[in-house]
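Colleague: Following is a predicted model, sequence given first.
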Amino acid sequence: MTALLDRPAPGTRRPVRNRRRWPWALAAIALVGWALADSGLFSGPVVNPGGAAQFGRIAAAALRPELAPDFLVVVAESALVTVAYAVLGGGLAVLLGALGAVAAARTTWGRRRTGRLLVRGALAVPRGLHEAVWGLLLLNVLGLDPWVGVLAIAVPYGAVTATVFAGILDEVPRGAHDALRAAGATRGTAALYGLLPQATGSLLSYAFYRLECAVRSAVVLGLIGAGGLGYQLALSFSSLRWEQVWTTVYALALLCLAADAAGRAVRRRVADPRPGPDRDPVLTGAAVVVVVLTGWAVWFLALSPASLASARALEQLSYVVSAAWPPSTEGDLLADIGAAALDTVLMSVLATAFATVGAVTLSGLAARSSTAGRARRMAGAGVRGALLLLRAVPPPVWALVLLFVLLPGVLPGALALGVYTLGVLGRLVGEAAEESDRRSREALRAAGASAPAAWLYGTVPTLAGPVLALACYRWEVAIRDTVLVGLLGAGGIGVLLSAATVAFDWPAVATVLAAVVLLSLAVDLLSDRIRSALR
């Protein structure tokens, strides 16, 4: 019935907005087909027969994790390190983002577009590199210093947060701001009193979301030697102690669950504030906890600002910069970068397509429903738990597991990213389904349709726009994550970066990093155009 009502009358033309979507849809289908063909899935063997037995041992160990007291103490200490990195890195990112948002907001520059574009371009450099790449670069400058983990999260996340915060400020109604400017207030004063009060809820909600993401990033940084649960996971994996691996994975899942639950509670309270002049106890308690955790993290990691300006750090920084300039322009390297960049794009497309299909398929169960029966609620809890486990394990670990059963190439990297992205996207699509309009589905149920049919025809069409927008956003993230799995030999441009870094070929490292930034920027711009066409 809805499809019939939405169909244009005979003799009328479809809206221009709908006509503009078709080229993007056809291009997306062609790109996914190209990615499938390039993965080698249909052109040769992709399965590694010798790894099946090892994969079976990994799966069997999930039912008997290591529970020795000594190892549990090690896992608990590693979890504290991960929390400390996440709190300090995420908190510093929010602070840097708040400062950068003022410089990047359209309101700050008015009609002077050149300055704003320069700031946006400058922010594209730090956010174009994955936090693991920043971690590798900082390790070469600072050594095994706790600042490596903190700054590796803060720098890229700060640039991302600044861009998002600037967008939030630009979308706030400008009536109060313009009135203050007309009364003679400065731009800063007008923004502080005319824009900030209206944007506080959205800014606070996104800030806590960034703290959730920082937990997962802290785990990734542990894989490159920064300590924490990721480092313990890497040690257990390299020694083939699968029981210890699963104990660490379960600890990661519990930590992510705690971060997700806390962030979800804060965001819900921001979206639906309590009436009255009294302070909200949930928001007040969350702010107090963050402040206390920040002070504890500084003490626990023994951070010293002096180490950032030590003679050794400055000397090493000078050496790296001078060795990397000028970047290499060798023809063979540029050709390799072009081929690897294409593999990176196709890998990210395949991962995003796999995750999107899986998220939509599971969205009916992942969405919470107060009217569902007991069996439905139990199945939903199981699906949400599985999605939590998928996103708790970093993509490099999924890549290492898949390389046991798949031959090296684009496919294991794409599937590793797809599994991880499914965990993230499945949660987001489930939340979108919870907030969707249920009237069409309820009308179909009242007319006698089955529950699956009512979901398929009453809810899925309303999710098309949000799901595609979320998929485009995750594609941007997947481009950066491909570098991470590539560092392990799973294909893409990360393989070149790993080879250049191991060889200390700093001119080649600079060229590859520049290519990564340009590739990320191109995908960001393309994704933004696609989302604009979907509006």
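Modeller: Happy to help now that I have it. From a predicted model like this one, the values you see are computed outputs, not experimental measurements.

Colleague: Poorly predicted segments of the stretch 51-200 of the chain, please.
Modeller: Applying pLDDT under 70 to the stretch 51-200 of the chain flags the ranges 52, 107-113, 115, 187-188.

Colleague: burial of residue 197, as a residue count?
Modeller: 11 (other Cβ atoms under 10 Å). In short, each C-beta sits where N, CA and C put it, glycine included.

Colleague: With adjacent residues omitted, what lies nearest to the residue nearest the centre of the chain?
Modeller: Relative to the mean C-alpha position of the chain, the nearest C-alpha, by Cα atoms, centre = their mean, is the one of residue 477, at 5.3 Å. Ranked by Cβ to Cβ, 6 or more residues apart in numbering and with sequence neighbours excluded, the top spatial neighbour of residue 477 is residue 421, at 7.7 Å.

Colleague: my read is that neighbour is in a helix, agree?
Modeller: Yes - residue state for residue 421 (DSSP: H, G, I helix; E, B strand; the rest coil) corresponds to a helix.

Colleague: tell me how far stretch 154-172 is from the chain's mean position?
Modeller: In terms of Cα atoms, centre = their mean, to the nearest Å, the centre of stretch 154-172 is found 15 Å from the chain centre.

Colleague: How about stretch 316-334?
Modeller: Centre-to-centre, stretch 316-334 and its host chain are 29 Å apart (Cα atoms, centre = their mean).

Colleague: Endpoints of that stretch, how far apart?
Modeller: With Cα to Cα, to the nearest Å as the measure, stretch 316-334 spans 27 Å from end to end.

Colleague: Can you give me the distance of residue 285 to residue 331?
Modeller: Using Cβ to Cβ, to the nearest Å, residue 285 is found at 60 Å from residue 331.

Colleague: which other residues reach stretch 50-69?
Modeller: For stretch 50-69, contacts defined as Cβ atoms under 8 Å, 6 or more residues apart in numbering pick out 240-247, 250, 401, 403-406.

Colleague: could you redo the last one with a cut-off of 6 Å?
Modeller: 242-244, 246-247, 404-405 (Cβ atoms under 6 Å, 6 or more residues apart in numbering).

Colleague: Which one of those sits in the busiest neighbourhood?
Modeller: residue 247 (24 neighbours).

Colleague: so which strand or helix has it?
Modeller: Per DSSP states H and E: residue 247 is located in helix 242-271.

Colleague: so what secondary structure elements neighbour the helix or strand where the residue nearest to the centre of the chain lies?
Modeller: Using DSSP H and E, residue 477 maps to helix 460-486. Contact here means 3 or more Cβ pairs under 6 Å, 6 or more residues apart in numbering; DSSP states H and E; on that basis helix 460-486 packs against helix 331-366, helix 395-405, helix 410-434, helix 493-502, helix 506-534.

Colleague: okay, the angle between that helix and helix 395-405?
Modeller: On the basis of axes from the mean of the first three to the mean of the last three Cα atoms, to 10 degrees, helix 460-486 is oriented at 80 degrees to helix 395-405.

Colleague: chain center to helix 460-486: distance?
Modeller: Here the centre of mass of C-alpha atoms in helix 460-486, compared against the chain's by Cα atoms, centre = their mean, lies 9 Å away.

Colleague: ok, now stretch 338-357?
Modeller: Put simply, stretch 338-357 sits 15 Å off its chain's centre (Cα atoms, centre = their mean).

Colleague: Check stretch 410-417 too.
Modeller: Distance, centroid of stretch 410-417 to centroid of chain: 17 Å (Cα atoms, centre = their mean).

Colleague: How about stretch 366-383?
Modeller: Worked out by Cα atoms, centre = their mean, stretch 366-383 lies 26 Å from the chain centre.

Colleague: Residues touching it, excluding its own?
Modeller: So stretch 366-383 is contacted by 362, 365, 384, 426, 430, 433-434 (Cβ under 6 Å, 6+ apart).

Colleague: First-to-last residue distance for stretch 141-149?
Modeller: Start-to-end span of stretch 141-149 (Cα to Cα) is 13 Å.

Colleague: re earlier: can the contacts of stretch 366-383 go into TSV with extra columns for neighbour count and distance to residue 467?
Modeller: TSV is the format used below for the contacts of stretch 366-383 (neighbours: other Cβ atoms under 10 Å; distance: Cβ to Cβ, whole Å):
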residue	neighbour count	distance to residue 467
362	22	12
365	23	16
384	20	17
426	27	11
430	21	11
433	26	9
434	14	13
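
Colleague: between the residues you listed, which is nearest residue 463?
Modeller: Minimum distance to residue 463 across those is 6.2 Å, recorded for residue 433 (Cβ to Cβ).

Colleague: burial of the closest residue to the closest one other than its chain neighbours, as a residue count?
Modeller: Leaving out its chain neighbours, the residue that sits closest to residue 433 by Cβ to Cβ, 6+ apart is residue 367, at 3.8 Å. Counted with other Cβ under 10 Å, residues neighbouring residue 367 total 22.

Colleague: next one: residue 325
Modeller: Residue 325, neighbours per other Cβ under 10 Å, totals 10.

Colleague: From residue 122, how far off is it?
Modeller: Residue 325 sits 18 Å away from residue 122, going by Cβ to Cβ.

Colleague: Pipe the contacts of stretch 366-383 into CSV and attach distance to residue 82 and pLDDT per row.
Modeller: Formatted as CSV, the contacts of stretch 366-383 follow (distance: Cβ to Cβ, whole Å; pLDDT from 0 to 100):
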residue, distance to residue 82, pLDDT
362, 28, 81
365, 30, 75
384, 22, 83
426, 23, 83
430, 25, 78
433, 31, 73
434, 29, 69
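
Colleague: Of these, which is the nearest to residue 481?
Modeller: Using Cβ to Cβ, the contacts of stretch 366-383 come closest to residue 481 at residue 426, 16.2 Å.

Colleague: which residues sit in contact with the closest one?
Modeller: So residue 426 contacts 359, 362, 366, 387 (Cβ under 6 Å, 6+ apart).

Colleague: Alright, I will stop here.
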